[in-house]
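Q: Take a look and give me a structure for this.
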Amino acid sequence: MTPPGPGTGLSIFFPAYNDSGTIASVVIAALRTARRLTPDHEVIVVNDGSADGTAEILEELASIYPQVRIVTHEQNRGYGGALRSGFASATRELIFYTDGDAQYDPAEVESLWRYMTPAVDLVNGYKVSRSDPAHRIVIGKIYHWTVKILFGLRVRDVDCDFRLMRRAIIERVQLDRNSGVICLEMMKKIQDAGFRIAEVPVHHYHRAFGRSQFFNFGRLARTAVDVGMLWFQLVVVGRHRRESPAAGRGAGEGAAARAGRDRS
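A: Numbers count the residues shown, from 1 in each chain. Presented below is the predicted three-dimensional model:
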């Protein structure tokens, strides 16, 4: 493997919504890790209309660390809206994101970095095991296998928000969703564009602060509708396949780099 050189630029960003109990620790962990990887780095936090003390903590972090930038949404735009702002704000060649709730350890971006070779465009994390209540694990598995079949996805974990990618992906793939199904939209469009994907195991931790904004019946129902609409748009209509030129660098399962796992 030939990982990126020490001069390669790295943008790290976190979407944050009422994450005052965790955001400082993940930002500091990201800064420490980024320094080990490259001197050319930035850490961005998208404060998506938080109503707790997140904004004040971020202001203090930005005043202490010059590499930290804050993007503020006055009103909550949803997970997809926060991701879109993060991608739009990132300025470096490589872009990494994960959530601000500390269920993933930003230090593990080093594992992804090692697999970002010239033959790979995106390194996608997959959970070693899911540290959530039993009902969330069951719902997550149902969701995973449903969308994997419906959308013809070949990645092991479409819903693991721990990804390192080249800027070329965001420049070519247009994301439209403001809801949590943006991850499904993103991975489907990336796969269809022919970008090459490596997969690396990462750890998933119990939520130490706050509670999930996703797992309630109303939101699950809206997600089901959103998934259906996305399936019609991307699978039935498939306009994105005609509008976006193929990456042209080894599309498909046979050309994808598979790291640290058995084929499934």
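Q: what about residue 83, distance to residue 141?
A: Using Cβ to Cβ, to the nearest Å, one obtains 23 Å as the distance from residue 83 to residue 141. Every residue, glycine included, has its C-beta placed from N, CA and C.
Q: Among these two, which residue is more densely surrounded?
A: Between residue 83 and residue 141, counted using other Cβ atoms under 10 Å, the more crowded position is residue 83 (24 against 11).
Q: so that one touches residue 175, yeah?
A: Yes - the criterion here is Cβ atoms under 8 Å, and residue 83 meets it with residue 175 at 7.3 Å.
Q: Which neighbours do these two have in common?
A: Both residue 83 and residue 175 are in contact with 182, 186, where contact means Cβ atoms under 8 Å, 6 or more residues apart in numbering.
Q: For stretch 221-229, give the mean pLDDT please.
A: Per-residue pLDDT over stretch 221-229 has a mean of 90.
Q: oh sorry, the question was meant for stretch 33-44
A: Mean predicted lDDT for stretch 33-44 stands at 97.
Q: Ok, stretch 64-71 next?
A: Averaging pLDDT along stretch 64-71 gives 98.
Q: Can you measure across that stretch, start residue to end residue?
A: Using Cα to Cα, to the nearest Å, one end of stretch 64-71 lies 17 Å from the other.
Q: Please identify the buried residues of that stretch?
A: 67, 68, 69, 70, 71 (16 or more other Cβ atoms under 10 Å).
Q: In the protein, which residue is most central in space?
A: Residue closest to the mean C-alpha point of the chain, counted by Cα atoms, centre = their mean, is residue 161 at 3.8 Å.
Q: I'd like to know how far that one sits from residue 235.
A: Residue 161 is 23 Å from residue 235, by Cβ to Cβ.
Q: show me where pLDDT drops low in the stretch 51-200 of the chain?
A: Applying pLDDT under 70 to the stretch 51-200 of the chain flags residues 130-133, 135-136.
Q: who's in contact with the closest residue in space to residue 1 that isn't next to it in sequence?
A: Distance criterion Cβ to Cβ, 6 or more residues apart in numbering; nearest residue to residue 1, sequence neighbours excluded, is residue 117 at 5.3 Å. For residue 117, the contact set (Cβ under 8 Å, 6+ apart) comprises 1, 2, 3, 198, 257.
Q: If you rank the residues you listed by neighbours, which is first?
A: residue 198 (22 neighbours).
Q: A strand includes that residue, no?
A: Yes - assigned with DSSP: H, G, I helix; E, B strand; the rest coil, residue 198 falls within a strand.
Q: Just confirm it contacts residue 115, I think it does.
A: Yes - at 4.6 Å, residue 198 counts as touching residue 115 under the criterion of Cβ under 8 Å.
Q: follow-up on the earlier one: and the buried residues of stretch 64-71, which is closest to residue 129?
A: Of all the buried residues of stretch 64-71, the one with the least separation from residue 129 (Cβ to Cβ) is residue 68, at 31.3 Å.
Q: quick one, what contacts the nearest residue to residue 170 once chain neighbours are set aside?
A: Spatial nearest neighbour of residue 170, excluding adjacent residues (Cβ to Cβ, 6+ apart): residue 87 at 4.9 Å. Shown in contact with residue 87 (Cβ under 8 Å, 6+ apart): 13, 95, 97, 170, 175.
Q: give me every residue that touches the first one.
A: What that stands for is residue 13. Residues near residue 13 by Cβ under 8 Å, 6+ apart: 43, 44, 45, 46, 86, 87, 89, 90, 95, 96, 97.
Q: Mark which of those are part of helices, please.
A: With DSSP state H as the criterion, helices contain 86, 87, 89 from among the contacts of residue 13.
Q: sorry, back to before: quick one: the residue nearest to the centre of the chain from residue 1, how far?
A: Going from residue 161 to residue 1 by Cβ to Cβ gives 24 Å.
Q: So which residues of the stretch 51-200 of the chain form strands?
A: Along the stretch 51-200 of the chain, counting by DSSP state E, counting those that start in this stretch, strands occupy 68-73, 94-98, 122-127, 162-166, 197-202.
Q: where's the first one relative to the chain centroid, distance-wise?
A: Using Cα atoms, centre = their mean, to the nearest Å, the mean C-alpha position of strand 68-73 is found 17 Å from that of the whole chain.
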